[in-house]
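>>> Got a predicted structure plus its sequence, pasted below:
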Amino acid sequence: MPRIGEYARYLIATAMLGNGIVGLALGGGWVWLGLAGFVSLALLDFTSGVDLSLRGGAGKWFYNGVLYLQLPLMVTLWVLFALHIRADDLGLFNMLGALIAVAFLSALGGLPSAHELMHRKHPLEIAYCSLYLTVFGLPMNDLNHVHGHHPFVGTAADSDTPVRGESVYGFVRRSIVHGTRIAYQIEKNRLGKTGHSVFWWRSRVVWAVLSVSTWVGLFVWLAGPLGLPWLLAAWAVCFLILGGFNYTQHYGLVREPGTPLLPHHSWNHLNTFSRAVSFEISTHAEHHLDPDKHYELLRPYPEAPQMPSIVACFLASFIPPLWERMIAKPRLIDWDRRYANGRERELAMAANIHAGWPRWLDSAPTG
């Protein structure tokens, strides 16, 4: 791919946010412009096909620098949203369009960069990640992701691994509540080793409360008293979007606790735009094998279990019967038969029984 393509693919999230800002700045029916951009991206991803190419053709300055572009655009988007709430100039229908656009574009535009930065080591990178997550109201989410999800993925100890038969709606609630508790406990344990409490001024808990309080206060100051319910509604949509994408990357997979993590313990989504807009999160197998590897160096691993377009999976997940029948079950049957080892097959069939699903390994494959 020409080098201009290498730059352009990782600027899609920035362009999506810019498109949303234009829509909210114009007001009226234009507020739906951001959502229209997402729909266009979804259609492109549905038809783009699998991309097995290796990345890394641009300069390191670009791969690092692009991770910082989305936060100021996200804040601008939310500020415009707040000003529309105060002005009460959109009407209910267009306000809903603005809310959906702000939530979708913040999640799609900001989460991939936040995810990449939370795996970095420099304190400023972690701090910038926390600012991204503060916009969503989850400033400590990185602690559970790095120290909870990655070591325990595929096991009952991981709140970010959806179990078979679990709907995306139940998963989102469980993962956020349990993930927040785990993040708090991780920080409490870390501070305890140095003789400090969670109320120490350098505690992540203290800074999480301060950052969220500042963000909520700023939003309500700009939006007026009605800003709080609109903010909470936008966060609720953000949680569904964040959880929806997370849901599709490990759904139904199992692993014996304490065993090595292997490529078949994650689902890959290797469509062209799935990879590009997610900053290679969808190249998920190698990300879990080497979480510290920078996104542009991740290899696609076509031999790992594959899902279709991440956008298609995300949308289907919100219709549980469609998700299970058309996407999840056929691929889990294949996973159980072709990828799982003996102990994993036992865990998989126990999970099937718990979900009320058939023990399909008891019958011979057809076709």
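Arrived safely, thanks for sending.
>>> What segments of the protein are strands?
For the chain, the strands defined by DSSP state E occupy 268-269, 306-307.
>>> just so I know, which of those strands lies nearest residue 47?
strand 268-269 (14.7 Å; C-beta to C-beta). Backbone N, C-alpha and C define where each C-beta goes, glycine included.
>>> picking up where we left off before, between the strands of the chain, which one is nearest to residue 254?
Distance to residue 254, taken as C-beta to C-beta, is lowest for strand 306-307 among these, at 16.4 Å.
>>> got the contact list for stretch 247-260?
152-158, 160-164, 168, 171-172, 261, 264-267, 269, 281-282, 284, 305, 307, 310, 313-314, 317, 328, 332, 335, 340, 343-344, 347-348, 351 (C-beta atoms under 8 Å, 6 or more residues apart in numbering).
>>> Just the buried ones from these?
Buried members of the contacts of stretch 247-260, counted by 16 or more other C-beta atoms under 10 Å: 152-155, 158, 160-164, 168, 171-172, 261, 264-267, 269, 281-282, 284, 305, 307, 310, 313-314, 317, 328, 332, 335, 340, 344, 347-348, 351.
>>> which ones are touching the residue nearest in space to the middle of the chain?
Note on the chain: the residue nearest the mean C-alpha position is residue 242, at 4.3 Å, using C-alpha atoms, centre = their mean. Residue 242 makes contact with 107, 111, 136, 138, 172, according to C-beta under 8 Å, 6+ apart.
>>> Please identify which pair of the residues you listed lies farthest apart.
Greatest spacing in the contacts of residue 242, by C-beta to C-beta: 111 and 172 (13.8 Å).
>>> burial count for residue 321?
Neighbour count for residue 321, taken as other C-beta atoms under 10 Å: 9.
>>> for residue 144, same thing?
Residue 144 has 25 neighbours, counted by other C-beta under 10 Å.
>>> do residue 43 as well
12.
>>> What pLDDT does the model give it?
The model reports residue 43 with a pLDDT of 89.
>>> what do you get for residue 229?
97.
>>> count of neighbours near it?
For residue 229, the neighbour count with other C-beta under 10 Å is 11.
>>> and if you look at residue 169?
Number of residues near residue 169 (other C-beta under 10 Å) recorded here: 15.
>>> next one: residue 184
For residue 184, using other C-beta under 10 Å, the count is 17.
>>> again with residue 42
By other C-beta under 10 Å, the residues close to residue 42 number 17.
>>> if I pick it, what's in contact with it?
Here residue 42 is in contact with 309, 311-312, 315 (C-beta under 8 Å, 6+ apart).
>>> Among those residues, name the buried ones.
Counted by 16+ other C-beta under 10 Å, those give 309, 311-312, 315 as buried.
>>> about what we covered before: tell me which of the contacts of stretch 247-260 fall in helices.
Assigned to helices by DSSP state H, the following of the contacts of stretch 247-260 qualify: 152, 168, 171-172, 284, 310, 313-314, 317, 332, 335, 343-344, 347-348, 351.
>>> just curious, which of these is nearest to residue 14?
Nearest to residue 14 among the ones in helices among the contacts of stretch 247-260, with distances taken as C-beta to C-beta, is residue 310, at 18.8 Å.
>>> what about that closest one, distance to residue 84?
Using C-beta to C-beta, to the nearest Å, one obtains 30 Å as the distance from residue 310 to residue 84.
>>> Residue 249 too?
From residue 249 to residue 84 the distance is 34 Å (C-beta to C-beta).
>>> neighbour-wise, which of the two wins?
Legend: neighbour count by other C-beta under 10 Å for residue 249 and residue 84, higher for residue 249 (25 against 21).
>>> Below-threshold pLDDT in the chain: ranges please.
Residue ranges of the chain with pLDDT under 70: 1-4, 364-367.
>>> what do you get if the cut-off is 50, keeping everything else the same?
By pLDDT under 50, the weakly predicted segments of the chain are 1-4, 367.
>>> ok, and for the helix of greatest length in it, which residues are buried?
Scanning the chain for the longest helix, with DSSP H as the assignment, gives helix 91-118. Going by neighbour count (16+ other C-beta under 10 Å), the buried part of helix 91-118 is 94-95, 97-118.
>>> Put the alpha carbons of stretch 195-209 into CSV.
Only the C-alpha atoms of stretch 195-209 are listed here, as CSV (Å, rounded to 0.1, in the frame of the first residue of the first chain):
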residue,chain,number,x,y,z
GLY,A,195,2.1,2.2,53.2
HIS,A,196,-0.4,4.6,51.6
SER,A,197,-4.2,4.5,51.5
VAL,A,198,-6.5,5.2,48.6
PHE,A,199,-6.9,8.7,50.0
TRP,A,200,-3.3,9.6,49.4
TRP,A,201,-3.0,12.6,47.1
ARG,A,202,-1.2,10.5,44.4
SER,A,203,-3.8,7.7,44.5
ARG,A,204,-5.4,6.9,41.2
VAL,A,205,-8.7,6.8,43.1
VAL,A,206,-8.3,10.4,44.3
TRP,A,207,-7.4,11.6,40.8
ALA,A,208,-10.2,9.6,39.2
VAL,A,209,-12.8,11.3,41.5
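>>> how far away is the nearest residue to residue 18 once chain neighbours are set aside from residue 228?
If the residues on either side of it in the chain are set aside, residue 18 comes closest to residue 73, at 6.4 Å by C-beta to C-beta, 6 or more residues apart in numbering. Residue 73 sits 23 Å away from residue 228 when distances are taken as C-beta to C-beta.
>>> Same check on residue 113?
Applying C-beta to C-beta, the value for residue 113 to residue 228 is 27 Å.
>>> now swap in residue 214 and tell me
14 Å.
>>> okay, the two: which has more neighbours?
Legend: neighbour count by other C-beta under 10 Å for residue 214 and residue 228, higher for residue 228 (14 against 11).
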